[in-house]
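Enquirer: Sequence unavailable; structure follows:
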C-alpha cells in the first residue's frame, strides 16, 4: 500500500463501491483490471477512478492495470477492513438488537463485542445485553474505541458523553439527533430518518397532480 | 402547513433533528417554543432555524414562537410521516430480516408489507418471505411505490431494474454499490459501509504514532 495521504470524504465514499464491484466479479474474470475498465463498468469518469486507485494502491501498471486480488487487498487495507475494530452498542431495542445480530459487519472489520441497556436481558441472537453500569469498566478493560448509539434521541447526547468518558474515540450514531463532542472524537451519523424523509418527499412530489 | 416549496437537501437533513428534539421535550415543557430557543438547544444558528421552520409551518408568532404540538404536526406532515408509505424489501438475509423486524419505521410513516428472496422462508419475525417470482404481481396489485434493497452488491442493479419494472418510484439502497436508474426514480443510498470506513479511518489516524 502507498503511504497514507490525507484523503477526502468523497474518495472514501467511492472506495466501497470499487471494492464491491471487484469482489463480486466472477472467479474466472481476467486477473487484471484497468482503471478504464472499472470506470466504464461503474459509469464513472476515468480520470477520477485512476486518481482514486493511485491513492490507495501503487500496483497499477501501464496497459495492464491492477492485479485484481492485490487491488482488493489494498483497498481493504486502506479502509481498515483488515484490522478488526471492537465496538460496543448502547441501546438494545429493536434497531440495536438488529445490528447486534447482523453478521455482515465482520466483512468491514467491525466486531460488536457487547451491548448495554438500561434493562439488561438476553438478546434473541444469544448475546448478553449488560446493564449500563458495567459499560465503563468493560470499555476500559477491553480498550474499546468505537461505540454505536441506538438509543432514543432524547438520551443520545447523554450516552455519547458517557462513551467519551469511557475512552471511545469514534461514535456511529443511529439516533436522529445532532450530537456534540470534542474535536478529537468523530461522530458519524447514520441518517435513516433523513434518507426516509428524502424518499417520502420524492413520492409525494410524484403523486401530486401537476399544477399550471 | 404552508404550500410546499422546493426544498433543499440540507433543510431536509435538519428537519428530523428538530422533530426529535421537540418530541422528546418533557410533557410539562412550555406549550410554545421560539426559533431562538430551538437554535440554542441544538447549538445551531438562529437565522437558519428561523428560515427552516418558516418553510414548513406558518404557525410562528412574534415574541411567542410556535405552538409545539402544531409545529411537530407541521414537520411530520411536511416529511410525509403522516402518510403511511407501503414498501417491499428484497433480500431477506441478516440485514433484510433486521429491517423487516424493526418496528421503529412506523414512526416515520414506513410500513414494510412484504419481503422477497431467492429462497422463500419464514422470517423469525413471523413475516413470510416470498419467492422473487411473486414480486411483480404483488407490487402491481398493491400499488407499491417504495422498494428497499438488501441483497449483495453483485445483484443489486438487477433487483433495482426489476423494482422499476414493477412500478416502484423510490428505492432505498443498502447494497454498497452505485445503482443506475431513470431520472424519475429516486435512489437513496444508505451508506453503512462508507460510514464504517470513515470511522475506521479516524481510529487508524488516532492510533498512528505521530511522525515529524
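Expert: Structure's in. What do you need? The structure presented is a predicted model; accordingly, all values stated were derived computationally and were not measured.
Enquirer: Any idea how many residues pack against residue A:134?
Expert: 12 (other CB atoms under 10 Å in any protein chain shown). (Each C-beta comes from the backbone N, C-alpha and C, glycine too.)
Enquirer: what do you get for residue A:190?
Expert: 22.
Enquirer: nearest residue to it other than its sequence neighbours?
Expert: Counting by CB to CB, 6 or more residues apart in numbering or on different chains, residue A:174 is the residue found nearest to residue A:190 once chain neighbours are left out, at 4.9 Å.
Enquirer: Confirm for me that that neighbour is in contact with residue A:192.
Expert: Yes: taking CB atoms under 8 Å as the definition, residue A:174 is a contact partner of residue A:192 at 6.7 Å.
Enquirer: Contact partners for the residue nearest to residue A:190?
Expert: A:95, A:99, A:148-150, A:190, A:192 (CB atoms under 8 Å, 6 or more residues apart in numbering or on different chains).
Enquirer: Where helices are concerned, which of the residues you listed count?
Expert: A:95, A:99, A:192 (DSSP state H).
Enquirer: Can you verify my assumption that the first one contacts residue B:104?
Expert: Going back to what we said before, that points to residue A:95. Yes: using CB under 8 Å, residue A:95 is in contact with residue B:104, at 5.9 Å.
Enquirer: what helix or strand is residue A:171 on?
Expert: strand A:170-173 (DSSP states H and E).
Enquirer: was I right about residue A:82 contacting residue A:76?
Expert: Yes: in this structure, residue A:82 is within contact of residue A:76 by CB under 8 Å, at 5.4 Å.
Enquirer: Same drill for residue A:95 and residue B:104, tell me which one is more crowded.
Expert: residue A:95 (24 against 16).
Enquirer: Keep the ones in helices among the contacts of residue A:174, but drop any that are not near chain B.
Expert: Filtering the ones in helices among the contacts of residue A:174 for proximity to chain B by CB under 8 Å from any CB of the partner chain leaves A:95, A:99, A:192.
Enquirer: out of these, who's nearest residue A:23?
Expert: Using CB to CB, residue A:99 comes nearest to residue A:23 of these, at 22.3 Å.
Enquirer: That closest one: neighbouring residues, count only.
Expert: With other CB under 10 Å as criterion, residue A:99 counts 25.
Enquirer: Please apply the same query to residue A:54.
Expert: 13.
Enquirer: Distance-wise, check it relative to chain B.
Expert: 18 Å (CB to the nearest CB, to the nearest Å).
Enquirer: Doesn't that residue lie inside a helix?
Expert: Yes: per DSSP: H, G, I helix; E, B strand; the rest coil, residue A:54 lies within a helix segment.
Enquirer: Quick check, pLDDT for the closest residue to it other than its chain neighbours.
Expert: Excluding the flanking residues, the one nearest residue A:54 by CB to CB, 6+ apart is residue A:60, at 6.6 Å. pLDDT, residue A:60: 91.
Enquirer: Then the one 5 residues further on?
Expert: For residue A:65, the model assigns a pLDDT of 94.
Enquirer: What is the burial count for it?
Expert: Residue A:65: 20 neighbours (other CB under 10 Å).
Enquirer: Check residue A:47 too.
Expert: Neighbours around residue A:47, by other CB under 10 Å: 10.
Enquirer: host element of it?
Expert: helix A:46-56.
Enquirer: in that helix, what's buried?
Expert: Across helix A:46-56, burial judged by 16 or more other CB atoms under 10 Å in any protein chain shown covers A:49-50, A:52-53, A:55-56.
Enquirer: Can you check which strand is longest in chain A?
Expert: Looking across chain A with DSSP state E, the single longest strand is strand A:110-117.
Enquirer: Need the per-residue pLDDT for the nearest residue to residue A:83 once chain neighbours are set aside.
Expert: Distances taken as CB to CB, 6+ apart place residue A:109 nearest to residue A:83, at 5.9 Å, with adjacent residues excluded. In the predicted model, residue A:109 carries a pLDDT score of 85.
Enquirer: quick one, what contacts residue A:109?
Expert: Applying CB under 8 Å, 6+ apart to residue A:109 gives the contacts A:79-85, B:196, B:200.
Enquirer: Buried ones among the residues you listed?
Expert: A:79-81, A:85, B:196, B:200.
Enquirer: can you tell me which two in those residues are farthest apart?
Expert: Among the buried ones among the contacts of residue A:109, A:79 and A:85 lie farthest apart (CB to CB), at 11.3 Å.
Enquirer: Quickly list what's touching both of these two.
Expert: A:109, B:200.
Enquirer: Count the residues that sit near the residue nearest to residue A:54.
Expert: 18.
Enquirer: Make sure it is actually in contact with residue A:66.
Expert: Yes: contact criterion CB under 8 Å: residue A:60 and residue A:66 qualify, at 5.1 Å.
Enquirer: joint contacts of the two?
Expert: By CB under 8 Å, 6+ apart, the residues touching both residue A:60 and residue A:66 are A:35, A:53.
Enquirer: Grab the nearest non-local neighbour of the most centrally placed residue in chain A.
Expert: Residue closest to the average C-alpha location in chain A (CA atoms, centre = their mean): residue A:108, at 7.4 Å. Counting by CB to CB, 6+ apart, residue A:108 lies nearest to residue B:196, which is 4.8 Å off, once chain neighbours are set aside.
Enquirer: ok, that neighbour to residue B:57 distance?
Expert: Separation of residue B:196 from residue B:57 (CB to CB, to the nearest Å) stands at 36 Å.
Enquirer: ditto for residue A:167
Expert: 42 Å.
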